[in-house]
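Q: Here is a sequence with its predicted model. Questions after.
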Amino acid sequence: AQSVTQPDIHITVSEGASLELRCNYSYGATPYLFWYVQSPGQGLQLLLKYFSGDTLVQGIKGFEAEFKRSQSSFNLRKPSVHWSDAAEYFCAVGALLGGSQGNLIFGKGTKLSVKP
Amino acid sequence: DGGITQSPKYLFRKEGQNVTLSCEQNLNHDAMYWYRQDPGQGLRLIYYSQIVNDFQKGDIAEGYSVSREKKESFPLTVTSAQKNPTAFYLCASSLRWATNEKLFFGSGTQLSVL
């Protein structure tokens, strides 16, 4: 069965520091991978996605993620964190249902706090 | 502006009561979804609809019901059979029902039990 693991429940970084949020997936074929961000009390917004091709994917708000098949990972990175990046981040993998394309499986999220 | 509108923002349910959460989209999307979010649990799929007049159970459909009579509307009813309804409910849509489609989310409804 497909699954997504985000090992870190909560991370705190200083403003201006670099950031890496970890995501590991379990999937039998080439996955579709996504990172979404959620501000408190709001819906989710897509940061970036990977389907195929270049394993380094650029997203909005200065985020990037690298797909590493050998490690089954899709970690999210940002070189310099801003206070407005404080939010919860969700990794998701595209699942198959009954042989047809289907829905996403979400990780449990990583909450990011930013220190001034 | 195009988007997804969920209402109400906050909802309170009395024991034994059914309540309905509204979700409307003007994006002309075929597919719509309902997710439940509990703290530390991520998002879990309740129901989804690939196209108007069709819907399918997700991972945690028990105690919930939906309808998709119009393309733009996908209301969720939390029935009295759902014994632990307190959660944040998110509605989403995508242009098509396909794994590689971007999901657009509403701003959610917080449901609490009185």
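A: Yep, that arrived. Just so it is clear, the structure is predicted and the values come from calculations on it, not from any experiment.

Q: what does chain A have sitting close to chain B?
A: Chain A has residues A:9, A:32, A:36, A:41-46, A:49, A:51, A:90, A:94-96, A:101-104, A:106-109 near chain B, with proximity defined as CB under 8 Å from any CB of the partner chain. C-beta here means a position set from N, CA and C on the backbone, and glycine is covered the same way.

Q: Can you say which of the residues you listed are buried?
A: Burial by neighbour count, 16 or more other CB atoms under 10 Å in any protein chain shown: within the residues of chain A next to chain B this picks out A:32, A:36, A:42-46, A:49, A:90, A:94-96, A:102-104, A:106-109.

Q: how about stretch B:92-106: buried residues?
A: The neighbour-count check on stretch B:92-106 (16+ other CB under 10 Å) flags B:A92, B:S93, B:S94, B:W97, B:A98, B:T99, B:E101, B:L103, B:F104, B:F105, B:G106 as buried.

Q: Then stretch B:30-48?
A: Under the neighbour-count rule (16+ other CB under 10 Å), stretch B:30-48 has B:30-37, B:42-48 buried.

Q: and what of stretch B:64-75?
A: Neighbour-count burial for stretch B:64-75 flags B:Y64, B:S65, B:V66, B:R68, B:K71, B:E72, B:F74, B:P75 (criterion: 16+ other CB under 10 Å).

Q: from the chain's centre, how far out does that stretch sit?
A: Taking CA atoms, centre = their mean, to the nearest Å, one finds stretch B:64-75 lying 9 Å from the centre of the chain it belongs to.

Q: quick one: average pLDDT of that stretch?
A: Per-residue confidence for stretch B:64-75 averages out to 98 on the pLDDT scale.

Q: which residues are contacting that stretch?
A: For stretch B:64-75, the external contacting residues (CB atoms under 8 Å, 6 or more residues apart in numbering or on different chains) are B:20-26, B:28-30, B:32-34, B:46-47, B:49, B:51-55, B:76-79, B:82, B:91, B:93.

Q: List only those of those residues flagged as buried.
A: Buried members of the contacts of stretch B:64-75, scored by 16+ other CB under 10 Å, are B:21-25, B:29-30, B:32-34, B:46-47, B:49, B:55, B:76, B:78, B:82, B:91, B:93.

Q: which ones among these come in contact with chain A?
A: Counting by CB under 8 Å from any CB, the members of those that reach chain A are B:Y33.

Q: Narrow the buried ones among the contacts of stretch B:64-75 to those in strands?
A: Secondary structure from DSSP state E places B:21-25, B:32-34, B:46-47, B:49, B:76, B:78, B:91, B:93 of the buried ones among the contacts of stretch B:64-75 in strands.

Q: and of those, the nearest to chain A?
A: Set against chain A, the nearest of these by CB to the nearest CB is B:Y33 (7.1 Å).

Q: Is it correct that the closest one is in contact with B:S93?
A: Yes - under the criterion of CB atoms under 8 Å, B:Y33 makes contact with B:S93 at 7.1 Å.

Q: Spit out the residues that contact these two alike.
A: B:F74, B:L103.
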